[in-house]
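Enquirer: Dropping a prediction and its sequence here:
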Amino acid sequence: MTYADFFYEIKGKFMGTDVSDIREHLAFQFNIEDQEAGGAFYVEVKDGALFVEPYEYYDRDAIFICAPDVLLKIADGELDPVGAFMDGRLRVEGNLDKALRLKDIVEMKRDAAQKSKSAAKKTMDKVVGTIARTAAKKASKNLDK
């Protein structure tokens, strides 16, 4: 996987996350250590919006350093960022209090995905119910003939 492929995959995982509850400015740089996918990018929360861009961020609050697979697992909610830090898979430099907010962003992303799945299931249940009722009415009419 190239840096560009990795960056766009991560950006896709984070974009759309509702961070409107975060009132403070957060700026995180991610340094990815990998022969092919290595590079730097930043995640910024500003004015209730999330930005993910393929550049270094010099006025950052914290730098996260890890391998690509670690960040993918964190982004997918499969790995707790604090746990990854504690076991040495994720290194952090800078303001640790603000760095802990990464966990909040990941949780907001996860919660939004769960709400979306729940809404999709409700919609699907309504559609299936409507189809079943329509089919039952047609079957009933055919039996009456």
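Expert: That came through fine.
Enquirer: How far does stretch 33-42 stretch from one end to the other?
Expert: Chord length of stretch 33-42, first to last residue, is 15 Å (C-alpha to C-alpha, to the nearest Å).
Enquirer: mind listing what's buried in it?
Expert: Buried residues in stretch 33-42, counted by 16 or more other C-beta atoms under 10 Å: A37, G39, A40, F41, Y42. Using the backbone N, CA and C atoms, a C-beta is placed for each residue, glycine as well.
Enquirer: try stretch 92-102
Expert: Buried residues in stretch 92-102, defined by neighbour count with 16+ other C-beta under 10 Å: V92, K98, A99, R101, L102.
Enquirer: Likewise for stretch 56-73?
Expert: Per 16+ other C-beta under 10 Å, stretch 56-73 contains these buried residues: 57, 60-66, 68, 70-73.
Enquirer: can you pull out the helices in the chain?
Expert: Using DSSP state H, the helices found in the chain span residues 3-14, 68-75, 81-86, 96-99, 101-144.
Enquirer: weakest of the ones you listed by average pLDDT?
Expert: When the helices of the chain are compared by mean pLDDT, helix 101-144 comes last with a mean of 68.
Enquirer: circling back to that earlier point, now, which of the buried residues of stretch 56-73 sits nearest D80?
Expert: For D80, the nearest member of those is K73. The distance, counting by C-beta to C-beta, is 9.4 Å.
Enquirer: Quick check: the closest one vs S20, distance?
Expert: Shown here: K73 relative to S20, a distance of 26 Å by C-beta to C-beta, to the nearest Å.
Enquirer: Could you count how many residues lie near D80?
Expert: If you count neighbours by other C-beta atoms under 10 Å, D80 ends up with 15.
Enquirer: Next: V106.
Expert: For V106, the number of neighbouring residues by other C-beta under 10 Å comes to 20.
Enquirer: residues contacting L102?
Expert: For L102, the contact set (C-beta atoms under 8 Å, 6 or more residues apart in numbering) comprises F28, F64, I74, P81.
Enquirer: rerun at 10 Å
Expert: Contacts here follow C-beta atoms under 10 Å, 6 or more residues apart in numbering; on that basis L102 touches L26, F28, F30, V43, A62, F64, I74, P81, V82, F85, L90, V92.
Enquirer: can you pull up the bridge partners for the fifth one?
Expert: Okay, so that is A62. Per DSSP bridges, residues listed as beta-bridge partners of A62: F28, G94.
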